[in-house]
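[1] The sequence and its predicted three-dimensional model are supplied below.
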Amino acid sequence: MKRREFGACEVEGQGKMRNWLWMMAVVGAGLGAGPAAQAETLTDALIAAYSNSNLLDQNRAVLRAADEDVALAVSSLRPVVSYTAQAGWRKADVSSALTVEGLSGSLTLSAQLTLLDFGRSRIGIEIARASVLATRQALIEVEQQVILATVQAYVDVRLAQEVVALRDSNLRLITQELRASQDRFDVGEITRTDVAIAEARLASSRAALAAADGQLMIAREAYKAATGAYPGRLAALPRTPKLPRNLEEAQAVARKTHPLVLQAQQLVTIADAQVELAKASMKPTLGMGASISRDNDGLDTQSLGLTLNQTIYAGGRLSALFRQAIAGKDRSRASLQQTVVGIMQNVGLSWANLAVSAASLEASDQQIRAAQTAFDGVREEAALGARTTLDVLNAEQELLDARNARLQAEAQRYVGVYQVLSAMGLLTVDHLQLGIATYDPEAYFNAVKTAPATSAQGKKLDRILGKIGQ
């Protein structure tokens, strides 16, 4: 009798301790957030993830580096001006009787300009611009990954919290069953085996609750990694975004809008331009050079001239580069086709998984209703002596499994909607209409596309870099 009371008090003590910790966490969150604190919504989490993502910052820097490639290509069309300053000491024997020695120096200013390269510079600019467009699409794909990870983290935290609450309720229920079993054992209605079975289930329930608590901690860490902070009090999940009416419409949208498809198209453009560049590399280059120099004796020298050069024979290198460019063109086109195939497959898989989770959710609802009816009946029959403690615990376990399965199915269905949007290429801040200012890739590109040095555009570039660094 004493051992039974000790077990019950232990469970009650653990429950009070958990409730006290939960109340302290809620009160602490309320004090930290102020009297007007509200639950954190999914939109809040998505905005935080978009604003704090190091992955997005990294890929934005990659895009800005690609923008500078355009500036580098544009600079090849402009003259290159440089100077050379020389100074030294010299000693010269003019004759057997005369030696001249002293300091000498010269200053030379030179300029070089390519007049004709048969389109090589122009093609280089086209390649750089296409690379920028491809990198922009890669940035959109990263944005999709960040948003999907945040949705998954938000749903996982809520799911883990609900599972903890379910396990906690199950622990209290099994504790009551253990008390009832002990009472029935004390009056001789059941055997010691029934009490041992209830004790074993209680220990198993405690272990399951501990595992649920651990899963909640894992989910909280994933949430922090996604948004930059631990979750507070999370609001209920909002309505999911709308999807196309059928799979065919979803695949049609993905074929036109998915960033990986658009990126692959730009890579095809780059490969085509590489073939043109390989052809142009076989042609001559016409350049102009000018220089002005003065030495320490005051002697001025000016020069102006044209230079025409072309590689006549390079051991087959130019032909090999041309064939390599053609192979790259074929590869990029095949890669585009395979990318489309992969995207269509991903849309189909996401659509199928969403249908499966919806069906699982409906089946779980039916299972819960049936399991609840069975549990209520078995418990009443056990009170009349027609059922054993094991029967009651088994019925309760089936009800618990059904409720847990429903929580899992609901979470999978909700995330599944966003997975379909991601597969379609629409999981972006703009499409979700989060109502925040988004990163503008045109701003930096427009500031550097003409390769500014010191000008009004250069000052504009400094302002942009300052805002990026804030």
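    Thanks, I have the structure now. Numbering: from 1, shown residues only.
[2] Going by C-alpha atoms from here, please, whenever you check contacts or count neighbours.
    Fine.
[3] Can you name the element that comes right after the helix or strand encompassing Ala359?
    Element membership for Ala359, per DSSP states H and E: helix 317-383. The C-terminal neighbour of helix 317-383 among helices and strands, as given by DSSP H and E, is helix 389-424.
[4] what's the nearest residue to Ala208 if we skip its chain neighbours?
    In space, not counting the residues next to it along the chain, Ala208 is nearest to Arg167; the distance is 6.9 Å by Cα to Cα, 6 or more residues apart in numbering.
[5] what pairs with the longest strand seen in the chain, and is each one parallel or antiparallel?
    Looking only at the chain and at elements set by DSSP state E, the strand with the highest residue count is strand 98-116. Based on DSSP bridges, the pairing partners of strand 98-116 within the sheet are strand 80-95 (antiparallel), strand 285-295 (antiparallel).
[6] Could you list the buried residues of it?
    Buried residues in strand 98-116, counted by 16 or more other Cα atoms under 10 Å: Ser106, Thr108, Ser110, Gln112, Leu113, Thr114, Leu115.
[7] Show me what stretch 352-367 is in contact with.
    The set of residues that contact stretch 352-367 without belonging to it, under Cα atoms under 8 Å, 6 or more residues apart in numbering, is Ala402, Arg403, Ala405, Arg406, Ala409, Glu410, Gln412, Arg413, Gly416, Val417.
[8] pretty sure the last one contacts Thr240?
    Yes - distance between Val417 and Thr240: 6.9 Å, which falls inside the contact criterion (Cα atoms under 8 Å).
[9] Tell me which of the two has more neighbours.
    A direct count of neighbours by other Cα atoms under 10 Å for Val417 and Thr240 places Val417 higher, at 20 against 12.
[10] per-residue confidence for the more buried one?
    Val417 is assigned a pLDDT of 96 by the prediction.
[11] For it, give me its contacts.
    Remark: with contacts taken as Cα under 8 Å, 6+ apart, Val417 is in contact with Thr240, Pro241, Leu243, Leu354.
[12] go again using 7 Å as the cut-off
    By Cα atoms under 7 Å, 6 or more residues apart in numbering, Val417 lies in contact with Thr240, Leu354.
[13] in the buried residues of strand 98-116, which two residues are the furthest apart from each other?
    Spatially, the most separated pair among the buried residues of strand 98-116 is Ser106 and Leu115, at 28.8 Å (Cα to Cα).
[14] How many neighbouring residues does Leu336 have?
    By other Cα under 10 Å, the burial measure for Leu336, its neighbour count, is 20.
[15] Equivalent analysis for Thr311, please.
    There are 11 residues near Thr311, going by other Cα under 10 Å.
[16] ok, for Met424, nearest residue in space, not its chain neighbours?
    Spatial nearest neighbour of Met424, chain neighbours left out: Ala254 (4.1 Å); criterion: Cα to Cα, 6+ apart.
[17] element containing that neighbour, please.
    Secondary structure (DSSP H and E) places Ala254 in helix 247-257.
[18] That helix - what's its average pLDDT?
    In this model, helix 247-257 has a mean pLDDT of 95.
[19] Could you pull out the buried residues of whichever helix or strand comes after that helix?
    Heading C-terminal from helix 247-257, the first helix or strand you meet, by DSSP H and E, is helix 259-280. Buried residues in helix 259-280, counting neighbours by 16+ other Cα under 10 Å, are found at 259-280.
[20] what do you get for stretch 308-325?
    By neighbour count with 16+ other Cα under 10 Å, stretch 308-325 contains the buried residues Leu318, Leu321, Phe322, Ala325.
[21] my guess is Pro259 contacts Leu426, does it?
    No - checked against Cα atoms under 7 Å, the pair Pro259 and Leu426 is beyond contact range at 9.1 Å.
[22] What does the pLDDT read for Arg18?
    With respect to pLDDT, Arg18 scores 49.
[23] What of the one 5 residues further on?
    Per-residue pLDDT puts Met23 at 41.
[24] Same question for Gly34.
    pLDDT, Gly34: 45.
[25] can you tell me how far Ala395 sits from Arg192?
    The span separating Ala395 from Arg192 equals 20 Å under the rule Cα to Cα, to the nearest Å.
[26] neighbour-wise, which of those two wins?
    With neighbours defined as other Cα under 10 Å, Ala395 and Arg192 compare such that Ala395 has more, 21 against 13.
[27] who's in contact with the nearest residue to the more buried one once chain neighbours are set aside?
    Excluding its sequence neighbours, the residue lying closest to Ala395 (Cα to Cα, 6+ apart) is Phe375, at 5.0 Å. For Phe375, the contact set (Cα under 7 Å, 6+ apart) comprises Val392, Ala395, Glu396.
[28] so Met415 makes contact with Tyr154?
    Heads up, residue 415 is Val, not Met. No - under the criterion of Cα under 7 Å, Val415 lies out of contact with Tyr154, with a separation of 9.7 Å.
[29] okay, and for the stretch 351-470 of the chain, where does confidence drop off?
    Low-confidence segments of the stretch 351-470 of the chain, defined by pLDDT under 70: 454-470.
[30] isn't Thr428 right next to Gln144, touching?
    Yes - the pair Thr428 and Gln144 qualifies as a contact (Cα under 7 Å) at a distance of 5.8 Å.
[31] Now for the two: what residues contact both?
    Going by Cα under 7 Å, 6+ apart, no residue sits against Thr428 while also sitting against Gln144.
[32] number of nearby residues for Val80?
    Applying other Cα under 10 Å, we find 13 residues neighbouring Val80.
[33] before we move on, what about Ser350?
    Ser350 is flanked by 22 other residues according to other Cα under 10 Å.
[34] Also Leu202?
    The number of residues near Leu202, taken as other Cα under 10 Å, comes to 23.
[35] Please name the nearest non-neighbouring residue to Ser181.
    In space, and not counting its chain neighbours, Ser181 is closest to Val195: 5.6 Å by Cα to Cα, 6+ apart.
[36] Which members of the contacts of stretch 352-367 are the farthest-apart pair?
    Checking the contacts of stretch 352-367 against each other with Cα to Cα, the farthest-apart pair comes out as Ala402 and Val417, at 22.9 Å.
[37] Can you give me the neighbour number for Pro284?
    Counted by other Cα under 10 Å, the residues lying close to Pro284 total 15.
[38] if I pick the closest residue to it other than its chain neighbours, what's in contact with it?
    Of all residues not flanking Pro284 in the chain, Gln310 sits nearest, at 4.3 Å (Cα to Cα, 6+ apart). Taking Cα under 7 Å, 6+ apart as the contact definition, Gln310 lies against Lys283, Pro284, Thr285.
[39] do Gln86 as well
    The contact partners of Gln86, taken as Cα under 7 Å, 6+ apart, are Gly105, Ser106, Leu107.
[40] which residues touch the last one?
    Applying Cα under 7 Å, 6+ apart to Leu107 gives the contacts Thr84, Ala85, Gln86, Ser293, Arg294, Asp295.
[41] Can you flag the buried ones in these?
    Ser293, Arg294, Asp295.
[42] pLDDT score for the first one?
    Each residue has a pLDDT score; the one for Ser293 is 91.
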